[in-house]
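1. Structure of the sequence below:
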Amino acid sequence: MPPKPNITDEQSAPDLEIVGNKLTIHPSGFTGGSDSQDDSITERNLVSNMASFRAQPLEFLREVSLYMSGSGWRAYDNENVVGQPVFYPGFSERMKSSILKSTLLQDKIRELASTRLGVEEKDGLLAIKEGKNLDEKRARRRHELESSLGEVVDTMMDNMICKMESKAFIRGAYYMTTQLLTRAYHQGIHVSSEEVLRLRSVAKIAAEKNQSIVFLPCHKSHVDYVSMHLICYRLNMTLPVVVAGDNLNIPLVGPFLQHAGAMWIRRSFGNDPLYHAVVQAYIDTLLQQGFNFTCFIEGGRSRTGKLLSPKFGILNFIVDSVLSGRVQDTIFCPVSTQYDKVIETESYISELLGQPKQKETLSDFLSSSSVLSLKLGRVDVRFHEPWSLREFLGQQLTQLNLADSLGPNVKLAQAERGRILRTLGYRVLSEINDVSVMMPPALVGTVLLTLRGRGVGKGELIRRLDWLCERVKAKGGRVAHFYGSPTAQVVDRALEVLGPKLVGEIPGLVEPTYYAVDRFQLSFYRNMLIHLFITEALVSAAMYTKIKQGGGPTHQRITYVALRNQVAFLSQLFRGEFIFPPEGLATNMEKTLRSLEEDDVIKVTRDNSGAPQYVELSDAERLCGRENYDFYCFLIWPFIEASWLGAVSLLGLTPPLHGAQEIWVDMKKAQDSAQLLGKTLYHQGDLSYFEAVNKETLKNSYQRFEEEGIILVAKDKESRAGPALRLAPDWCPERDPSTGRVMDRGRLWDFVELIAQSRREGSVHSSFHLVLLAMEILIPSSKNRRDGATVSSRVLQMSDVVGQELFKTAAAPPPADVSSKQMRRKAIGTDAKL
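-> Here you go, the predicted structure:
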C-alpha cells in the first residue's frame with residue numbers, strides 16, 4: 001500500500017472533476033487546521049446536472065444515447081474497470097457455484113443432516129423392513145436430507161446474492177439515479193481528489209493481489225449507498241456489493257437494487273445455523289475473489305445525526321474470514337458521507353417520538369426520500385486512508401499473546417473475539433469522524449441551538465458561525481469550503497437549505513432575526529459535530545455543578561478533584577453514546593483544561609508543581625456573558641436530560657408495598673412509558689429539552705443501566721416476546737410504610753441526583769441578565785422553582801404513577817434467563833476514560 005502523502009493544511013487536497021475522459025484537479029472542497037486558504041476557489045462537484053427533456057430535448061436524447069451505448073467513461077467496460085469484472089451474463093450462477101463449493105457450507109449441511117438423521121433414528125423413524133440393510137437406509141436418508149438442505153440453500157442464495165448481470169442495466173441505472181440525485185442535491189457530490197486518487201491507487205494494488213476493498217461508511221440516509229456507487233462508477237472501479245436489510249426488498253425497488261449490487265440479508269438470523277453458514281460462505285467467496293464490499297458499520301441509519309455504536313454482525317463474518325485463514329487479507333476503508341440536508345429527517349423525528357416504524361413501500365420510498373425535491377444542497381463523501389485488516393488482527397493477537405500468525409489454528413474465546421471486534425468497530429468510527437466535513441446547515445443549526453434567547457440577529461449569527469468554524473478547525477475538524485463567499489452568503493445558503501420548517505424569520509424588525517422552529521429536527525444537524533467538542537462539553541457540564549449555584553466567582557470555582565470525579569462519572573454514563581479520545585481520563589482532562597484555558601474560557605489555579613487545584617470561569621468569559629462556556633454546555637445538556645429522565649423513570653419501577661417484589665416489566669413498554677413521562681415533564685416545565693424524550697437516547701440509557709447492574713434484563717428464548725426488566729435488589733428504593741410512596745433516598749436516588757447535578761437549571765435568561773450576572777450586579781439566591789431538591793416530590797410521584805400502570809400488565813419470565821453478565825453489580829466509578 002503506498003504511503004500517505006504528507007499534506008499540510010495549506011495544501012489540503014483539491015476536489016476532483018471527471019468530465020468525459022478528462023480528469024481535472026480543483027482547489028480543496030474543505031478547509032482544515034487553523035490556516036486560511038485561497039479565497040478565489042470556485043465550487044466543483046463530481047456529478048453534474050443532466051439535460052431536461054422539456055428544456056433541452058435533443059441534448060436529453062443525446063445523453064441517453066451516450067449512456068446506453070457506453071461511450072467514454074459511461075461504458076463501464078470490464079477491460080478497464082479497476083478490480084474484478086462484474087455485470088456480465090452468468091455472473092449470478094458463477095457466484096452460486098462458488099458458494100456451493102465452500103467447505104464451510106458443505107460441512108454445515110452434512111452436520112445438520114447427521115443431526116436430523118440421529119433424531120429420526122432415536123425416534124424409531126428408520127424402522128428396517130425385512131431384507132433391508134440399516135446402513136443402506138441411513139445412507140439413502142442422509143442423501144435425501146442433504147439434497148433437501150441443498151434446495152433450501154439454493155433458495156436462500158437466490159434471495160440473497162446480488163445479480164450483476166447486465167452492463168446495459170447498470171448504465172441505465174446510473175443515468176436514472178444521477179438524474180434523481182442531482183435534482184434533489186442540486187450542488188452535486190463532492191469528493192477530495194487526494195482521497196479518490198489514493199483510493200484508485202490502492203484499488204489497483206488490491207486487484208493485482210485479488211483482494212477486496214471493504215467500504216465502511218456511516219449511515220444517515222438511503223442516499224449513502226447510491227452516492228457510493230455513483231463515485232465508484234465515475235472512478236471506473238468495480239462497484240461494491242452492498243449489505244442491505246431485506247426490509248428494502250420491496251416490489252420494483254428490491255429487484256432493481258439487487259441487480260445493482262444489493263446483498264439482501266435478514267434483519268435477524270434467529271436460531272438458523274444454515275442461514276448463518278450461507279452468509280459466511282457468501283462473504284468468504286466475495287473476499288476470496290477480490291470483489292469490493294460495502295458494510296454500514298452502524299447497522300441501520302442514524303436517526304440522531306451522530307454516529308451510532310458499532311454493530312458487529314457482518315463485521316464478525318469479515319473478521320472470521322481473515323482470522324481463520326480462509327481469506328488472505330482484505331482492505332478496510334472508512335467513509336464519511338455528509339449532507340447539507342438529510343432527506344429522511346422528518347420521518348426520523350416521528351420514529352424518535354414513538355411512532356411505529358412503517359413498513360417500506362415504493363410510494364413511501366419515493367415520497368419520504370423527497371427524491372423529486374430541489375435545493376437540498378450538496379453531498380460530501382470523504383475516504384479515510386485504507387488499511388489492511390490482516391495487519392490489524394495480527395497486532396491485536398500479539399497484544400493478547402495468542403498467536404504469531406493468522407490461520408485455522410487460532411482459537412479465540414468469546415471475550416477475546418468481542419474485544420477485537422469492539423476495538424475494530426470503534427477504530428472505524430473514529431476514522432469516519434476524522435475525515436467528516438462539517439456542512440453549513442450543521443454549523444448554523446448548532447449556533448441556533450447553543451444561544452440563549454428566543455431568536456438571534458443575522459449579525460450575531462454570522463459572528464458565532466465564524467467563531468464556530470475556527471473552533472472546528474482548531475480541533476482538527478474539517479469545514480465545508482465556502483469558496484471565498486462572505487459568511488453572510490454562507491448563512492443565507494444554509495438557511496435556504498434548512499427551510500422555514502426548521503428555521504423561521506421574524507419579519508418587520510431592525511435586522512433579520514431567526515429562531516429555531518423545530519428544535520428537535522434541528523438537533524439532528526447539531527449532533528453531526530458534537531464529537532469534536534465532547535471533552536469540552538463534559539468538563540463544562542461538570543463545572544456547572546458549582547456554577548449553577550450562583551454567587552460570585554469564589555463561590556463558583558470547583559476543586560480539580562471534584563471536577564475530575566464528575567467528569568469521570570459523566571464519561572462512564574455516556575461511554576456507549578459518544579466516541580472519546582483513546583488516551584484516557586487523566587490525559588484527556590489535562591488537554592481539555594489547557595485548551596479551554598488558552599481560549600480564555602476558564603482559569604486554572606495550579607500549585608508549584610503545575611498540578612491543577614481549582615477551576616473556574618475566566619474574567620473574560622464572565623464579561624462576554626458565558627457565551628463560549630454555554631456553547632459547550634448546550635451541546636451536552638440534552639443528553640444529560642435524557643439520562644436523567646431514564647433514571648427517573650426507573651424510580652417508578654419500585655415494586656408495590658404489598659405484593660410481589662420480583663415483577664418483570666416488558667422492556668419496550670418501560671421505554672415507551674419513560675417517553676410518556678418525559679413528554680409530561682417537558683410540558684410541565686421540569687424537563688428543559690424536548691429532544692431528551694427521543695427513544696434512541698432513552699434506549700441507550702437503559703443499555704447503560706443494564707451494563708451497570710441497575711436493572712436486570714431477561715428474555716424468554718422460547719417465545720417471541722421481547723426482553724423484560726426489573727430493578728436489581730440493591731438498587732431498589734424504599735417505600736414509606738404508611739403512605740406507600742417511593743422515598744427520596746437510597747442508591748438509585750443518589751444516582752439520579754448525581755446526574756442532576758450537571759442538568760441545566762433555571763429558565764432561559766436574556767443576554768442582559770447574563771451580563772449583570774457576570775458583573776455581579778445581580779446575584780440570585782434561587783433561579784427558579786426547581787432549585788433545591790433536584791427531583792421534586794411531584795416528579796417522583798408522577799414517575800410512580802407511570803410505573804404502577806406498567807405493573808398492571810407486567811410479565812414474569814423465568815429468572816434463570818438472566819445471564820451472569822446481566823446480574824453484575826458495578827457502580828459507576830472514577831476509573832472511566834474520558
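2. Near residue 660, how many other residues are there?
-> Per other CB atoms under 10 Å, the neighbour tally for residue 660 reads 11. Placement of C-beta: from N, CA and C, glycine included.
3. meant to ask about residue 525
-> 28.
4. And it, which helix or strand is it part of?
-> Using DSSP states H and E, residue 525 sits within helix 519-526.
5. tell me what that helix is packed against?
-> Counting contacts by 3 or more CB pairs under 8 Å, 6 or more residues apart in numbering; DSSP states H and E, helix 519-526 packs against helix 345-352, helix 440-449.
6. what's the pLDDT at the nearest residue to residue 181 once chain neighbours are set aside?
-> Using CB to CB, 6 or more residues apart in numbering and skipping the chain neighbours, the partner closest in space to residue 181 is residue 226 (6.3 Å). Predicted confidence (pLDDT) for residue 226: 91.
7. How about the one 3 residues further on?
-> Predicted confidence (pLDDT) at residue 229: the value is 93.
8. coming back round to it: dump the helices and strands packed on helix 519-526 to a markdown table, plus distance to residue 646.
-> Listed next are those as a markdown table, based on distance: least, CB to CB, whole Å:
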| stretch | distance to residue 646 |
| --- | --- |
| helix 345-352 | 14 |
| helix 440-449 | 21 |
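9. Can you tell me which of these is most buried?
-> A comparison of those by mean neighbour count, using mean count of other CB atoms under 10 Å, puts helix 440-449 on top with a mean of 26.
10. re earlier: now do the SS call for the residue nearest to residue 181.
-> What DSSP: H, G, I helix; E, B strand; the rest coil gives for residue 226 is helix.
11. got the contact list for the closest residue to residue 445 other than its chain neighbours?
-> Among residues not flanking residue 445 along the chain, residue 525 sits closest, at 3.7 Å (CB to CB, 6+ apart). Applying CB atoms under 8 Å, 6 or more residues apart in numbering to residue 525 gives the contacts 305, 439, 441-442, 445-446, 498.
12. so where is this structure shaky, pLDDT-wise?
-> Residue ranges of the chain with pLDDT under 70: 1-75, 78-79, 126-132, 355-374, 403-405, 482-484, 716-720, 762-791, 811-834.
13. Contact partners for the residue lying closest to residue 210 once chain neighbours are set aside?
-> Leaving aside its sequence neighbours, residue 210 sits nearest to residue 290 (CB to CB, 6+ apart; 4.2 Å). Counting by CB under 8 Å, 6+ apart, residue 290 makes contact with 83-84, 206-207, 209-212.
14. For ChimeraX, write a command that selects the buried ones of these.
-> Of the contacts of residue 290, the buried ones go into a single ChimeraX selection, burial set by 16 or more other CB atoms under 10 Å:
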select :83,84,206,207,211,212
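15. now the contacts of residue 290 in CSV, with distance to residue 164 and secondary structure?
-> Listed next are the contacts of residue 290 as CSV, based on distance: CB to CB, whole Å; DSSP: H, G, I helix; E, B strand; the rest coil:
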residue, distance to residue 164, secondary structure
83, 12, coil
84, 10, coil
206, 18, helix
207, 16, helix
209, 22, coil
210, 18, coil
211, 19, coil
212, 15, coil
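16. so who does residue 245 touch?
-> So residue 245 contacts 264-267, 300 (CB under 8 Å, 6+ apart).
17. out of those, which is most surrounded?
-> Counting neighbours by other CB under 10 Å, residue 265 leads the contacts of residue 245 with 21 neighbours.
18. May I have the residues that are in contact with it?
-> Contacts of residue 265 (CB under 8 Å, 6+ apart): 160, 243-246, 279, 314.
19. And those, which of them are buried?
-> 160, 243-246, 279, 314.
20. Now do the SS call for residue 263.
-> On the basis of three-state DSSP, residue 263 is classed as strand.
21. For burial, what's the neighbour tally of it?
-> If we define neighbours as other CB under 10 Å, then residue 263 has 23 of them.
22. In the stretch 701-834 of the chain, what residue spans correspond to strands?
-> Assigned by DSSP state E, counting those that start in this stretch, the strands in the stretch 701-834 of the chain fall at 711-714, 724-727.
23. what's the last one in contact with?
-> Read that as strand 724-727. 650, 653-655, 662-667, 670, 702, 706, 710-715, 748, 811-813.
24. for this structure, longest helix please?
-> In the chain, assigned by DSSP state H, the helix with the most residues is helix 134-160.
25. domain assignment for this structure?
-> Per automatic domain parsing, the domain ranges recorded for the chain read 9-85+164-240+292-435, 439-528, 637-760+784-817.
26. Quick one: end-to-end length of the shortest one, please.
-> With CA to CA, to the nearest Å applied, domain 439-528 spans 9 Å between its terminal residues.
27. count of neighbours near the closest residue to residue 386 other than its chain neighbours?
-> Among residues not flanking residue 386 along the chain, residue 333 sits closest, at 4.2 Å (CB to CB, 6+ apart). By other CB under 10 Å, the residues close to residue 333 number 24.
28. Does anything pack onto the host helix or strand of residue 333? Which helices or strands?
-> Residue 333 is part of strand 331-339 when elements are defined by DSSP H and E. Applying 3+ CB pairs under 8 Å, 6+ apart, one finds that strand 331-339 makes contact with helix 193-208, strand 213-217, helix 223-234, strand 379-383, strand 387-388, helix 389-399, helix 414-435, strand 437-438.
29. Name the helix or strand for the closest residue to residue 444 other than its chain neighbours, please.
-> Spatial nearest neighbour of residue 444, excluding adjacent residues (CB to CB, 6+ apart): residue 494 at 4.1 Å. Here residue 494, judged by DSSP H and E, is contained in helix 487-498.
30. tell me what the next helix-or-strand element following that helix is packed against?
-> Using DSSP H and E, the helix or strand that follows helix 487-498 towards the C-terminus is strand 503-506. Strand 503-506 sits against helix 440-449, strand 513-516, with contacts defined as 3+ CB pairs under 8 Å, 6+ apart.
31. try it again with 7 Å
-> strand 513-516 (3 or more CB pairs under 7 Å, 6 or more residues apart in numbering; DSSP states H and E).
32. Show me what the strand it packs on is in contact with.
-> 448-449, 454-457, 461, 495, 503-506, 522 (CB atoms under 7 Å, 6 or more residues apart in numbering).
33. Using CSV, lay out these together with distance to residue 801.
-> Output for the contacts of strand 513-516, formatted as CSV (distance: CB to CB, whole Å):
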residue, distance to residue 801
448, 36
449, 32
454, 33
455, 37
456, 39
457, 44
461, 43
495, 43
503, 38
504, 36
505, 42
506, 40
522, 32
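34. Of the residues you listed, which is the nearest to residue 216?
-> Proximity of the contacts of strand 513-516 to residue 216 (CB to CB) peaks at residue 522, which lies at 28.1 Å.
35. The closest one contacts residue 445, correct?
-> Yes: with contact defined as CB atoms under 7 Å, residue 522 and residue 445 form a contacting pair (4.6 Å).
36. re earlier: could you tell me which of the buried ones among the contacts of residue 265 belong to helices?
-> Using DSSP H, these in helices are 160, 279, 314.
37. Is the second one in contact with residue 317, as I believe?
-> Yes: at 6.2 Å, residue 279 and residue 317 qualify as touching, with contact defined as CB under 7 Å.
38. list residues touching both of the two?
-> By CB under 7 Å, 6+ apart, no residue touches both residue 279 and residue 317.
39. What residues does residue 394 make contact with?
-> Going by CB under 7 Å, 6+ apart, the list of residues near residue 394 reads residue 406.
40. how near is it to residue 420?
-> 11 Å (CB to CB, to the nearest Å).
41. Over to residue 163?
-> For residue 163 relative to residue 420 (CB to CB), the value is 34 Å.
42. what comes into contact with the strand holding residue 333?
-> Outside strand 331-339, the residues that touch it by CB under 7 Å, 6+ apart are 199, 202, 206, 211-218, 220-221, 224, 227-228, 379-384, 386-389, 428, 431-432, 435-437, 439, 528.
43. Perfect, I'm done here.
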